[in-house]
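[1] Sharing a sequence plus its predicted fold:
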Amino acid sequence: MILGRLWLWIGLMWLAVLVCAPLNGTLREFVLVPALGRTIGGLISALLLSAIALAAQGHLVRRFGLRPRDAACAWIAASWLVATLAFEFGVGRTVGHRTWEELLLEYNLFAGRFWSLVVLTIVAGPWLMAWRRGPRQDTPTLQAN
């Protein structure tokens, strides 16, 4: 039962971030880039979306009491990565009619594109947020005297 609830919440939190992503892109294109330039505006946008993803993953970690060694952290990271890449490339190719080169350019840090930072955050986020939670309350910890 708990596994089914975990999968439900993994999907709901990913969808919440998906709703925020176009809003973030609108903010980037109409506010950040005109005010700060493509590179700085893009970096701030990537950091903002990464923070939103971390907040959603943090909610999952807290809701299910996860720790870094829990397999659920890997399930969150893997499912979010697959869903994100499938969405990005699927929508980019079919709806946006973008070429593979255009899609892959978004991952090139040397071209001033920062999407790869968001993807890295999505993968590392569950473990970062679980590590941030600290040790379980019901597990004895070693303390220095």
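    Great, that's in hand.
[2] Output the contacting helices and strands for the host helix or strand of residue 129.
    Element membership of residue 129 [criterion: DSSP states H and E] is helix 115-133. In terms of contacts (3 or more C-beta pairs under 8 Å, 6 or more residues apart in numbering; DSSP states H and E), helix 115-133 is packed against helix 38-64, helix 71-94. (C-beta placed from N, C-alpha, C; glycine too.)
[3] what about the ones you listed, which gets the closest to residue 129?
    helix 38-64 (4.2 Å; C-beta to C-beta).
[4] Now find how far off-centre the helix or strand residue 22 falls within is within its chain.
    Assigned by DSSP H and E, residue 22 belongs to helix 2-27. Between the centre of helix 2-27 and the centre of its host chain there is 9 Å, according to C-alpha atoms, centre = their mean, to the nearest Å.
[5] now do stretch 60-80
    Distance, stretch centre to chain centre, for stretch 60-80: 13 Å (C-alpha atoms, centre = their mean).
[6] Any chance you could list what contacts that stretch?
    Contacts to stretch 60-80, defined as C-beta atoms under 8 Å, 6 or more residues apart in numbering, come from residues 2, 6-7, 9-11, 13-14, 53, 57, 122-127, 129-131, 133, 135-136.
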